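**Student:** Prediction below, plus the sequence it came from.
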Amino acid sequence: LTDCSTQNWLPLSQWLTKGSQLKTLWVGLLQWADRIKREAVGERTDDIQRFECLLKFLHYISDRCQVKPYYLQMLKTTLNVSKISFVSLTFPPFMSYENIEQISIVKTRIPRGVRCELRQNTLIIPEVERCWRENCEYPNVDDIATYSEKYSINELLKSWRSNLKLRLFLESVQSLICSVPIAQFDAKVSCTPQQFVLESLTDHYRIQMKTTGETINPVLLRSAEQKFYQLNTDPFNKPNQSIRKTNLQNAFPQGIFPSIKNPNNPPNEITDYFSKQLSESWIKLLSHNEYEKENPSIEEIIQLLNLFRDESEKLYNEFSKSIKLSNEQLFETGLLFRITPTVLVPLLLEKSSAFELTKNQCTLLGGIIVNWTLEQQMERILHFAIHDKREDFKNEISHIPHSNWKPSEHITWLVLELEMNITIREIQIKVANHMIQPNIIGGTSTGRNIVMQMNMGEGKTSVILPMLAVYLSSSNLSLARIIVLKSLFPTNYQSLRYKLGGLLNRRIFPFACRRDMNFKDQQINQIFERFKHGLSKCDIILTSPEDILSFDLLTIDKCRRNEFNIGRSMLTVQRWLKTYARDVLDESDEILHVKYQLIYTVGGQQQVDAGEERWKTIQSILNLVKQHAEDVSRMFQEKTCYKSPERKSGFPQFRLQAHEPFPLLCQKIASDWIDSRNYRYADKAIIRPFILETYPSIENLVDKFPPLDIQLCLIVRGLLSSEVLLVAFKKRYRVNYGVNPNLSFNRLMAVPFRAKDVVADRTEFGHPDVALVLTHLSYYYSGLSDLQLSQCFN
C-alpha cells in the first residue's frame, strides 16, 4: 500500500500513471479523505474542494486507467457523509502485502524440515498453529527446521497476520460506507474537440463553383436516365427476313474442281476429299433458310441521325443552363472555363474537382455522352452506306451499342468509345468482364489466372486491352501493369497513350530494365515512389517480360556483389508489385512460351564438361542421325520431313513433326554408338538403359568406367533421353534458328530467329547442348564460306 494522504494533488498529470494503480492508493486516499473531513468540522474547506476535484479527475480518466468508478464513489461518500468516521479503526500499515486472500495458515506453504525424520516433520505444523493462536514467532525449540526455514515460517506468519488485519479493516470500512446511500458522480458528456486544417494556397485562391438547386426538365432527365442507366435496344427495330444466298444456283459449282472430269488428269486424294466435303456442305446450305435483319435505307439512317443530334443539343443546352444559372457572373467575367465537350466529359470521371456535379447533372451528362456515341455510330453507318462498303456496313449495323452493359456502371468504357469513335461489341464486353472479375478461387485467397483466346481482328489489342487497362487503374487497390512483347513495345506505347491519354487522362508509365543499368539505392527508391504515385494517380505501367525478368535477376546479382542495401530495396519493390500489380498479358501464348528465359552469366568463362569431346560426341551422334534419318522418315512419313542431300557428303533436310518417331531414332542411335565403343557385353547392358531411360542412377557407372567415359555417357543421355535432339530437330533452319550474319554480332554460334531470316536481338540459346546441336546443323545446312574455311585452317 502507498501512503498518499500527505501528497500534493497537483499536478493532475501525475495521476495518469498513478490512476492505474488505484488498488495500492485507495487506502491512502481513504485516510486522506477522513483526515481533511475531520479537520473541516462540517465546513467546505479548500482541502475538501481540492479532493473533490481530484476525485472528478480520477473518474474522468477511469476508462483509460481501467478503474471501476464504484471505488471512487465510496471515497466521495466518505468525504460527504459526516456520520462516517474511522476514528475507532486502525488503518493498516503501508507496506507490501502478498497473497492477500490468505488470512489464516496455509499448510501447503509451510516448509518441511529437510534434515528431520518423517515423524518429526509432522511436528512443525502443530507448532506453527500454536504460534498463530498465541501471536508469537516460531521458536524452533527442537531444532527441527533450518535457519532459513525458520525465517520463512516467521515471514509467513507475519504476512498472514497483516493480511488478516487488512481484511478486517476493509470489511469494517465497507459496512460503514454501505450503510448510507452511495454518492454519484456527474454524468460524462462526450465532446469532439475542434479540429483545424491549414488550407493550402491553391485551395484558398481556387474559384469555387456553386451547384444549382433548380430543377432540370423532367422529360429530358427521363430520357437521359433511360440511356445512361438502362440497356440499349436496336434503334431501327427491323424485322427478320429470309434470304437465300445461293444466287439462284442450286447445283454444285463443279467448276471449282476442273480436274475431276478430266480423264487425262485424275483427281488425287486431297482434291477428292475436299470435293466431297464441299458437296455435303452445299447440300446442307440449300436445306436451310438463312435469316437476317432487313437493312435500313439511307433516308432512315439520316432521319435517326438527325433525331440523335436534336436530342443531344437539347440535353447539352439543358446541362449548360444548369451550370451557368448559379455561376453567371463567373462565366461573364471569364473566370471560369468555357463549356466545351473536352471540359465537360472529365467532370464525370474526376473524383475531386473545383465543381461537383449533382446527381441529376451527372445523369444528364451521362445521357449526353451516350447520345454522342450513338451519333458516331450512325455517322459510320451512313458513311459505309454512301460509299457502298457492304461488309463494313453490315458489320457495323449488326452491333447494338450498350446492349449487354450499362454505361453508368462503366463510365470509363463509355468515354473510351467516344474517344476512339468505336462501338464496343458484345463479345468484347463479355471477354473484358470475364477477365476483370475477382481472381479468387473458391472464396480463398488463392489467385487465379485467366487466359482468353480470340480470332485475329476482333479487337484484342486495340479495344479489350485499353478497356482492361483503364478499368484496373480506376481504383487505388491495384496497379495496372500491361506486359507486351519487346518488339511491340513502341507500338503499344503509342497506341495506349493515344487512346487513354486524352479524355480519360491516364498516364502511361513505361518501365525498362537491363543488366547494364547500374541502379543505386537512391534510384531504386525513386522507382518505388513512382510506383506508389502511379497507384494513387491511376497510372498504367507498360513493360515487357524481359524487363521484369531482368529486374528480378538484378536483385540477386546485387546481393551476390554484397550490395545488400540495394538488393533489399529491389526485393521490397518486387514484393510490393506482387501485392498491388494486376498484370494483363497481350499475346500471352508468345509471352508464356518456354523459350522466354533470361540468363545472367556469372564469373569467368569456362569450358563445358568434357571440353572438345562434347563437340566430337555431338558430331558423332549427328552422323548417326544422318544414317538413320531416311529409314525413320520412311516409317513415319506423315510425322517427319525428309529431303535427301544433293551430295553424298551433305546433311539431309530432316525435321521431326511429332514425338512418335523419336524413340525409334534413339534406339538406333544408341545401338550404333555403343557398338562403336570397345565395351564388353556386360558393360553394354549397363550403358544402354542409362542413356535411353530417364531415371537410372549414375551410381551404376561409378567405379566401373573411367571419368571420361562417364561424361560421354551423360552427354549422349542428355541428347537422347532428355530429348535435346528432339527439341533441335523440331526447329526449322533459318526460321527458328541460324547463325547471325551481322559482323557486329561477333559470334559464330547459332541464335534464335523470330521469323524467316529475322534474327532475335540480344538473345541466345540458354541450354549449351541445344546451342551446340543447332550450331552444327546451321553449318551443315549452309556450308562454310571461303573466309570461314580459312579461319578453320588458320
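**Tutor:** Sure, I can see it.

**Student:** Which secondary structure element of the protein has the lowest mean pLDDT?
**Tutor:** One helix or strand of the chain scores below all others by mean pLDDT, DSSP states H and E: helix 118-121, with a mean of 54.

**Student:** So what touches the helix or strand that that helix is followed by?
**Tutor:** Tracing the chain past helix 118-121, the next element assigned as helix or strand by DSSP states H and E is helix 124-134. With contacts defined as C-beta atoms under 8 Å, 6 or more residues apart in numbering, helix 124-134 is touched by 104-105, 107, 110, 112-113, 137-139, 144-145, 153, 157, 160. The C-beta positions use only the backbone N, C-alpha and C, and glycine is treated the same way.

**Student:** what does the average pLDDT come to for the following helix or strand past helix 124-134?
**Tutor:** Counting by DSSP H and E, the element after helix 124-134 in chain order, helix or strand, is helix 147-177. Helix 147-177 carries an average pLDDT of 84.

**Student:** Just the buried positions in helix 147-177, please.
**Tutor:** 149-150, 152-154, 156-157, 159-160, 162-163, 166, 169, 173, 176-177 (16 or more other C-beta atoms under 10 Å).

**Student:** other SSEs contacting it?
**Tutor:** Helices and strands touching helix 147-177, by 3 or more C-beta pairs under 8 Å, 6 or more residues apart in numbering; DSSP states H and E, are helix 69-80, helix 124-134.

**Student:** Now do the buried residues in the first one.
**Tutor:** Buried residues in helix 69-80, counting neighbours by 16+ other C-beta under 10 Å, are found at 72, 73, 74, 75, 76, 77, 78, 79.

**Student:** Surely the first one is in contact with residue 59?
**Tutor:** Yes. Here residue 72 reaches residue 59: they are 5.2 Å apart, a contact under C-beta atoms under 8 Å.

**Student:** Return the residues in contact with residue 598.
**Tutor:** Contacts of residue 598 by C-beta under 8 Å, 6+ apart are 546, 549, 550, 553.

**Student:** So it belongs to a helix, correct?
**Tutor:** No. Secondary structure of residue 598 (DSSP: H, G, I helix; E, B strand; the rest coil): coil, not part of a helix.

**Student:** separation between it and residue 742?
**Tutor:** 22 Å (C-beta to C-beta, to the nearest Å).

**Student:** related to what we said a few turns ago, out of the contacts of helix 124-134, who has the most neighbours?
**Tutor:** Within these, most neighbours by other C-beta atoms under 10 Å means residue 145, with 25 neighbours.

**Student:** Residue 548: how many residues sit nearby?
**Tutor:** With other C-beta under 10 Å as criterion, residue 548 counts 19.

**Student:** Okay, buried residues for the helix or strand where it lies please.
**Tutor:** Here residue 548 sits within helix 545-560, counting by DSSP H and E. Within helix 545-560, the residues that count as buried by 16+ other C-beta under 10 Å are 545, 546, 547, 548, 549, 550, 551, 554, 555, 557, 558.

**Student:** My read is that the first one contacts residue 483, right?
**Tutor:** Yes. The pair residue 545 and residue 483 passes the contact test of C-beta under 8 Å, sitting 6.1 Å apart.

**Student:** Touching both of these two, which residues are there?
**Tutor:** residue 591.

**Student:** Find residues that contact each of residue 72 and residue 59.
**Tutor:** residue 185.

**Student:** how does the chain divide into domains?
**Tutor:** 12-177, 218-238+295-332+355-411, 241-247+270-294, 425-439+459-591, 612-793 (automatic domain parsing).
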